[in-house]
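Q: any chance you can model this:
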Amino acid sequence: MADNSELYLGLISGTSADGIDAALVRFEDEQPSLVAGLTHPWPDDLRARILAIAQDEQRLDLDTYGRLDVAIGRLFAEAALAVLAQAGVAASNVRALGSHGQTIRHRPAGEHPFTLQIGDASVIAESTRIETVADFRRADIAAGGQGAPLVPAFHAHVLAPTAEPRVVLNLGGIANVSILGVDGSVTGFDTGPANGLMDAWCQRQLGEPYDRDGHFAASGRVDERLLAALLADAYFALPPPKSTGREHFHLVWLDGHRELSGLAPADVQATLLALSAITVAHDIARYGHGARQVVACGGGVHNAALMEAIRSRLGPVELQRSSAYGIDPDFMEAMAFAWLARQRILGRPGNLPAVTGASGHRVLGAVYLAPTA
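A: Residues are numbered from 1 along each chain as shown. Sure, this is the predicted structure:
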């Protein structure tokens, strides 16, 4: 039986690899609250390597893989120790740490489906001296699921509706939605790109890691020919359960469209923003069970142009940030992996078969014990 009050720590770097989000979470009985959160920066060279590998732009030999695994593990440990220092909490007071790691491949379809997140959990446990839970996705894949998204279970835990259906929209590198029914039902899936393509195009054209407030996109005009070509991608027509990542929606994918030729960079950015907004709004309308409220979280909530584009396409549906419910939108996912770590420690399932398509509920994650000497 869990103590009345426990501390867990969650770590995640998303598909944009724009920083490692660390969340220290207190659980009072079953209810989580954020004690402290921070985003630990990636060194520029390491981030560039991660993004290049995720986009199939270079080979990943075994020596490179091993060194990268350890380097990422060390940086995740630094993020954990930094958030503990910020909160003034000793590592010995944390029951366990949940590390999502950094996704470098996500291939949930095909003859041999797999997903790969790296960041050596043994290094994290050794460096932080905190019991570490990692490798959350592969048990779901082994059970026939997509391995993603995993956050809808946490969304249902903290944002369960009482009067009418609710949609939780996570705007990371990839956008995903959780559809929460008043009867306790939960479905969810990845709709497609959110920030990832825009960030990559902004980096290429302006040397900036992201489009601050969407100003770059707002300075351009949507090109309807390019937009139609992008929307024709087969992923958008797939029914859920489905999941995707940077290994599909990346600059090589964008460059493969002949409609790109001759367009002004700002017009491409505007079109990429429209792609994100349209696919999000379309899937909420199609699969949202008539929900009239969308709660947004993730880094995309800070892109005013993206939020306005989504809001305008949702029509009468209300769009608001998760902060309206007392949850910092920047740390929702990191909190989810603290919760998933707790689920693992308590021997409880972490996946939702209705979301991932797995053949049943599974306890997710492998446990790496903290050193005792």
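Q: could you pull out the strands for the stretch 151-300 of the chain?
A: 166-171, 174-180, 186-193, 293-297 (DSSP state E, counting those that start in this stretch).
Q: pLDDT of the very next helix or strand once past the shortest one, averaged?
A: Next helix or strand after strand 293-297 toward the C-terminus (DSSP states H and E): helix 304-314. Across helix 304-314, the average pLDDT comes to 97.
Q: strands paired with the following helix or strand past helix 304-314, and their directions?
A: Once helix 304-314 ends, the next helix or strand along the chain (criterion: DSSP H and E) is strand 318-321. When pairing is defined by DSSP bridges, strand 318-321 lines up against strand 293-297 (parallel).
Q: which outside residues touch the partner strand?
A: 159, 161, 164, 166-171, 284, 288, 307, 310, 314, 317-322, 324-325, 327, 329-330, 332-333 (Cβ atoms under 8 Å, 6 or more residues apart in numbering). Placement of C-beta: from N, CA and C, glycine included.
Q: tell me which helix or strand A71 sits in.
A: Going by DSSP H and E, A71 is part of helix 62-87.
Q: what residues sit buried inside the following helix or strand past that helix?
A: Note on helix 62-87: by DSSP H and E, the next helix or strand toward the C-terminus is strand 96-107. The neighbour-count check on strand 96-107 (16 or more other Cβ atoms under 10 Å) flags 96-106 as buried.
Q: what is the nearest of those to L364?
A: Proximity of these to L364 (Cβ to Cβ) peaks at G98, which lies at 9.7 Å.
Q: please name the nearest non-neighbouring residue to the closest one.
A: A341 (2.9 Å; Cβ to Cβ, 6 or more residues apart in numbering).
Q: and the one you found, that one's in a helix?
A: Yes - the assignment for A341 by DSSP: H, G, I helix; E, B strand; the rest coil puts it in a helix.
Q: check contacts around it.
A: 8-10, 96-98, 133, 365.
Q: try 6 Å
A: By Cβ atoms under 6 Å, 6 or more residues apart in numbering, the contact set of A341 is 8, 96, 98, 133.
Q: thinking again about what came up before, out of the contacts of strand 293-297, which end up buried?
A: Buried among the contacts of strand 293-297 by 16+ other Cβ under 10 Å: 159, 161, 166-171, 284, 288, 307, 310, 314, 317, 319, 321-322, 327, 329-330, 332-333.
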